[in-house]
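A.B. asks: turn this into a model:
(chains A and B)
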Amino acid sequence: MSVLQVNNITDTGGSTLLGRRNAIINGNFDVWQRGTARTFVSATYSADRWACGQFQQAGHELLDVSADTSVPFSNAMRVTSSSTAEAAAGTRMVLGQMVESVNCSHLAGQEVTLSAWVKFSAASYPETSSGAYLQLYFYDAVNPNFNSTTPTSNGTLTLPNGSLPTTWTKITLTVTVPTSTKTIAPRFGFFDAFSTTNNGDYFYDTTGWQLEAGSVATPFERRSVGEELALCQRYYFKEDVGYRATSSRTDRMDVTIQYPVTMRAKPTTTYTSSVTFLAAIAFESPQKMVLYYAGAISGSDRTVDTFEADAEL
Amino acid sequence: MYKLTESSILKDNMFIPKDPANRHYQEFIADVKEQGVGIVEGEDVIEPSYVELRQAEYPDLTTQLDMQYWDSVNGTTTWQDAVDAVKAKYPKTITGGTTVAELPQWVKDLA
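C.D. replies: You can find the predicted model right below:
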């Protein structure tokens, strides 16, 4: 009996194409549990796992690119200069994702490559002189707060103003991750904060984000949408179907909400209902939540209409 | 403004768990350090009224019926005495209500 041993699988270019290469979740913007068109204040999440940067405002919305043969994806994100609010505050039109430490700390000391597809509405933005950047933020901390933590260092690819790509273009950044790094965050945006006067004066589209070990930007690793959704639900879960409270005692009714996957941490929870439920501590965990209605249980049903659990970074 | 509850911290309509890995809890700690404890309100304390207090202390119905039986046999007032004692202990002036508790020490220590 002979045994076939496979030590490695490589593509014709010589780079490894084994699965689980991409440390970025929802890199092709297939999952939008929070909704597909939003306007933001600072550091709010939009497409699953993606957020604006600190003190930044921008519009993030789903863009269907399935008919565009110049880009090999179905969905993208359009990042706009969102509203007159930015006219005063300024915007860098930032997009970023904090990769959880357990999914990237093994890259410390290694060469990594970040790749993404981008397309700008104009080659030159008159309000900014320094152009746009593709960056990797490196943090020595484990799972820092995306909203408030300054990176220890970063790696940067500059896209000069005046030559911003106006057709779909794949850009890559290869850097060596510092050995002390515990968490990595890919980001994209403009160096200078600039003001706009009209909603959507400028925008860029982007998709196909991948962060992988090595110096080669390999083809985008496609995962099924169900698998991608499950990966996203570790950080955020939204349920629009009502939960009906059931009575376990004579003086209260419980609603048990079991999360689809174990979440990263105990999530912040939000619900809508016609009655006021209280959050119960005894059953709160990354796996489930119990809300209880304390009071007389006779009469009409008590239901939780929508529920959100947020364990993002 | 943050509101403490028995199990979590309420901000707007968000229930924030006291989990150091939760980003909203991290922001709560940072906000208190920066702005002081004035942005935090203590937990609501629900004081029971005389109704709830009496209900909890009255002998159960079986015991009360037994008291009434033996009172009728012996000519005593055990049942009435027991009920009167509870009523006297919790007069109708105890109306109950909700008050706000003082901030716990762990919150004060954050500032």
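
A.B. asks: and the residue of the stretch 51-200 of chain A found nearest chain B, how far is that from A:Phe190?
C.D. replies: Nearest residue of the stretch 51-200 of chain A to chain B (C-beta to the nearest C-beta) works out as A:Asn145 at 4.9 Å. Every C-beta, even on glycine, is put in place using the N, C-alpha and C of the backbone. Using C-beta to C-beta, to the nearest Å, A:Asn145 is found at 23 Å from A:Phe190.

A.B. asks: swap in A:Pro286?
C.D. replies: In terms of C-beta to C-beta, A:Pro286 sits 36 Å off from A:Phe190.

A.B. asks: where does the residue of the stretch 51-200 of chain A closest to chain B sit: helix, strand or coil?
C.D. replies: Following DSSP: H, G, I helix; E, B strand; the rest coil, the label given to A:Asn145 is coil.

A.B. asks: hmm, it is touching B:Gln26, no?
C.D. replies: Yes. Contact criterion C-beta atoms under 8 Å: A:Asn145 and B:Gln26 qualify, at 5.0 Å.

A.B. asks: OK, contacts around the residue nearest the centre of chain B?
C.D. replies: The centre of chain B sits closest to B:Ile46, judged by C-alpha atoms, centre = their mean, with a distance of 4.0 Å. Neighbouring residues of B:Ile46 by C-beta atoms under 8 Å, 6 or more residues apart in numbering or on different chains: B:Gly96, B:Gly97, B:Thr98.

A.B. asks: and if you look at B:Gln80?
C.D. replies: Here B:Gln80 is in contact with B:Asp71 (C-beta under 8 Å, 6+ apart).

A.B. asks: that one - that's part of a strand, no?
C.D. replies: No. Counting by three-state DSSP, B:Gln80 falls outside a strand, being helix.

A.B. asks: and it, how close does it get to B:Thr93?
C.D. replies: 22 Å.

A.B. asks: quick check on the closest residue to chain A within chain B: phi, psi?
C.D. replies: Of all residues in chain B, B:Ser7 sits closest to chain A, at 3.1 Å by C-beta to the nearest C-beta. Dihedral pair for B:Ser7: phi -110, psi -20, per degrees, to the nearest 10.

A.B. asks: surely it is in contact with A:Glu284?
C.D. replies: Yes. Here B:Ser7 reaches A:Glu284: they are 6.5 Å apart, a contact under C-beta under 8 Å.

A.B. asks: just after the worst-scoring helix or strand of chain B on mean pLDDT, pick out the following helix or strand.
C.D. replies: Scoring the helices and strands of chain B by mean pLDDT, DSSP states H and E places strand B:44-47 at the bottom, with a mean of 86. Where DSSP states H and E defines the elements, the next helix or strand beyond strand B:44-47 is helix B:50-57.

A.B. asks: and whatever helix or strand comes next after that next one, what's its mean pLDDT?
C.D. replies: Per DSSP H and E, the first helix or strand lying C-terminal to helix B:50-57 is helix B:61-74. Helix B:61-74 shows a mean pLDDT of 96.

A.B. asks: pull the residues that contact helix B:61-74.
C.D. replies: Contacts of helix B:61-74 (C-beta under 8 Å, 6+ apart): B:Tyr58, B:Pro59, B:Thr76, B:Thr77, B:Thr78, B:Trp79, B:Gln80, B:Ala82, B:Val83.

A.B. asks: what does stretch B:1-20 rub up against?
C.D. replies: A:265-271, A:278-282, A:284, A:310, B:22, B:24-26, B:28, B:31-32, B:39-44, B:101, B:103-104, B:107.

A.B. asks: among the residues you listed, which are in strands?
C.D. replies: Within those, residues falling in strands by DSSP state E are A:Thr268, A:Thr269, A:Thr270, A:Tyr271, A:Leu278, A:Ala279, A:Asp310, B:Val40, B:Glu41, B:Asp44.
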